[in-house]
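Trainee: Sequence and predicted model, in that order:
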Amino acid sequence: VAFVVCRSLEGLKTFSYLEELILDNNLLGNDLLLPRLPHLHTLTLNKNQISFQRNTCEILLDHLAEVVPSLQYLSLLGNIACPNELVCKEKDEDDYQRYRYFVLHKLTNLKFLDTRKVTRREREEALIRGAFMKVVKPK
């Protein structure tokens, strides 16, 4: 397990056998670039600055699918991209569920997203509708 407080993740490439990485509270945004970590199965990015602005979160999710193919647990709690009705009164459980479908559409191997286990029904919905659940904000 690695506990990292940083603005640059360049040194991670020397840890190619890393399995768990906690990057909570690091001011990381959608421009996050991880090196290829084929054994990484757990990644927490809680309380960073990841959002759905201008498709950049979609680019981040595509990047994660490519460089961490073994990823099974991802947590994005506390980021703007992760809708939370307790923090923002404009958000509700439906917003959170749409977010889950979209993330699961992009990261098909996930077994847990945030604090909840991925259900078979969610996986099926993500396969059918996940691509259409992307949050788009008007300019």
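Mentor: Cool, got the structure. Remember, predicted model here, so these are calculated numbers, not experimental data.

Trainee: Near T42, how many other residues are there?
Mentor: The number of residues packed near T42 is 18, by other CB atoms under 10 Å. For the C-beta atoms, the positions are set from N, CA and C on the backbone; glycine is no exception.

Trainee: Next up, the contacts around it.
Mentor: Neighbour list for T42: 19-21, 71-73 [criterion: CB atoms under 8 Å, 6 or more residues apart in numbering].

Trainee: Go again with 6 Å.
Mentor: Going by CB atoms under 6 Å, 6 or more residues apart in numbering, T42 touches 20, 73.

Trainee: For it, which residues count as its bridge partners?
Mentor: T42 forms beta bridges with E20, Y73, as assigned by DSSP bridges.

Trainee: For P69, see how far away D94 is.
Mentor: Distance, D94 to P69, by CB to CB, to the nearest Å: 30 Å.

Trainee: now swap in I50 and tell me
Mentor: I50 sits 20 Å away from P69, going by CB to CB.

Trainee: Which of those two has more residues huddled nearby?
Mentor: Higher neighbour count among I50 and P69: I50, with 23 against 15, using other CB under 10 Å.

Trainee: For the more buried one, report the pLDDT, please.
Mentor: Predicted confidence (pLDDT) for I50: 92.

Trainee: And it, how far from P38?
Mentor: With CB to CB as the criterion, I50 and P38 are 23 Å apart.

Trainee: can you pull out the helices in this structure?
Mentor: Counting by DSSP state H, the chain has helices at residues 56-67, 93-106, 120-129.

Trainee: With respect to L28, which of the ones you listed lies nearest?
Mentor: With CB to CB as the measure, helix 56-67 is the member of the helices of the chain nearest L28 (9.7 Å).

Trainee: could you say what helices and strands the closest one packs with?
Mentor: Here helix 56-67 touches no other helix or strand, going by 3 or more CB pairs under 6 Å, 6 or more residues apart in numbering; DSSP states H and E.

Trainee: contacts for that helix?
Mentor: Residues outside helix 56-67 that contact it (CB under 6 Å, 6+ apart): 30, 34, 36, 81, 106-107.

Trainee: Switch the helices of the chain over to CSV; also include mean pLDDT.
Mentor: Output for the helices of the chain, formatted as CSV (pLDDT from 0 to 100):
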stretch, mean pLDDT
helix 56-67, 92
helix 93-106, 91
helix 120-129, 92
